[in-house]
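Trainee: got a predicted structure here, sequence first:
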Amino acid sequence: MDSAALYRELRWACDPAHAVECCVRDVLCMPRIDAGGQSLGLFRHGRWPCAVAIIVGLVVATTLTESRCIYTIDDGTACIDAACDLELYVSDIVGVDPCYMPKRLVRHETLDVGTFVRAQGRISGSDRYLAGASVSQVGPNDEVCHWARVVTLATELYARAPAMHAHANACVSSSSSPPPPPPCRPAPCVHDEKLKHALHTSTQVHEHPTVGSFVAILQTYLDTCAADAVSIDTLIADDTLRRYARRVVASKLALGAARGHNPRRLVRRVFAHALQSLVRRGVLAASGATHEYTIQPT
């Protein structure tokens, strides 16, 4: 099947009604669907062709240009840009051809850094971003619900090939193999109900996200955790700690601090700073050889 025929068979995937719900890491890792060495502008998620993706995450940066508003969104797996096209209008002056008149930007209300959003857009670019995106504000619980849907859809829908021409199905399945999956995060400390309750209470008490409040929350974690030693990787793998660290980073970015830095690196830096603070307090003992921190008895 040539590229034109294959595209006609798969163009339904370009319809926003058939957008795939996934996480940012999925968007970045999707292999392209090619025909005869020619790209069709389509991608493969599992065994499902797609061109439009839906993600839910936290806004960590905004960039406003003449024609677009670009939101950088972090969902905990990776960061991606969602480019929203802005409406432009041409100055209306009698007797002057509109093509000679400058375009003016319609006022656009941008969403604040630290806002949870749902973004839907076409997967584009070699570095993967969402083009022509629609971005709307959602609540923190919507992100968790999105994760649950992503897991369900990945196993119950996207793992099966859609009903279409058998040869087109074979082309999708045999398209360039996906890149190797990213390394799995180390398993966190075993959580019991006492630990979950302590973390929940601590995050409620320290509602305003600062580095100091994160240090206090991390100390609560260490006081309740049953492990003898921790590392940055095991701590980042904890959803509650990671989400609060992301709120700290978003708060800093909203204040204009740490601009131009990679948000994921900033999250890791928050963890490193908190661990060093606890080392100075004698709560932890650092081990340079293994990059682990031993919890000191109180």
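Mentor: Perfect, thanks for sending it.
Trainee: so which helix or strand takes in the closest residue to residue 125 other than its chain neighbours?
Mentor: If the residues on either side of it in the chain are set aside, residue 125 comes closest to residue 131, at 7.5 Å by CB to CB, 6 or more residues apart in numbering. (Glycine included, C-beta is placed from N, CA and C.) Under the criterion DSSP states H and E, the helix or strand holding residue 131 is strand 129-137.
Trainee: please point out which parts of that strand sit buried.
Mentor: By neighbour count on 16 or more other CB atoms under 10 Å, the buried set for strand 129-137 is 129-131, 133, 135.
Trainee: kindly report the same for stretch 13-26.
Mentor: By neighbour count with 16+ other CB under 10 Å, stretch 13-26 contains the buried residues 13-14, 19-26.
Trainee: just the terminal-to-terminal distance for that stretch.
Mentor: The first and last residues of stretch 13-26 sit 16 Å apart, counting by CA to CA, to the nearest Å.
Trainee: pLDDT of that stretch, averaged?
Mentor: For stretch 13-26, the mean per-residue pLDDT is 90.
Trainee: coming back round to it: take the buried residues of stretch 13-26 and keep only those in helices.
Mentor: Among the buried residues of stretch 13-26, the ones falling in helices (DSSP state H) are 24-26.
Trainee: now tabulate those residues in a markdown table and tack on distance to residue 145.
Mentor: What follows is these, written out as a markdown table (distance: CB to CB, whole Å):
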| residue | distance to residue 145 |
| --- | --- |
| 24 | 16 |
| 25 | 18 |
| 26 | 17 |
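Trainee: where does pLDDT dip in the chain?
Mentor: Judged by pLDDT under 70, the chain has its weakly predicted residues at 1-4, 7, 36-39, 87-108, 163-207, 226, 254-263, 287-291, 298.
Trainee: what are the ranges of the helices in it?
Mentor: Across the chain, reading from the start of the chain, the helices by DSSP H fall at 3-10, 24-29, 140-156, 166-173, 193-205, 211-224, 232-236, 239-254, 263-280.
Trainee: tell me which of those sits nearest to residue 56.
Mentor: Nearest to residue 56 among the helices of the chain is helix 140-156; the distance by CB to CB comes to 3.9 Å.
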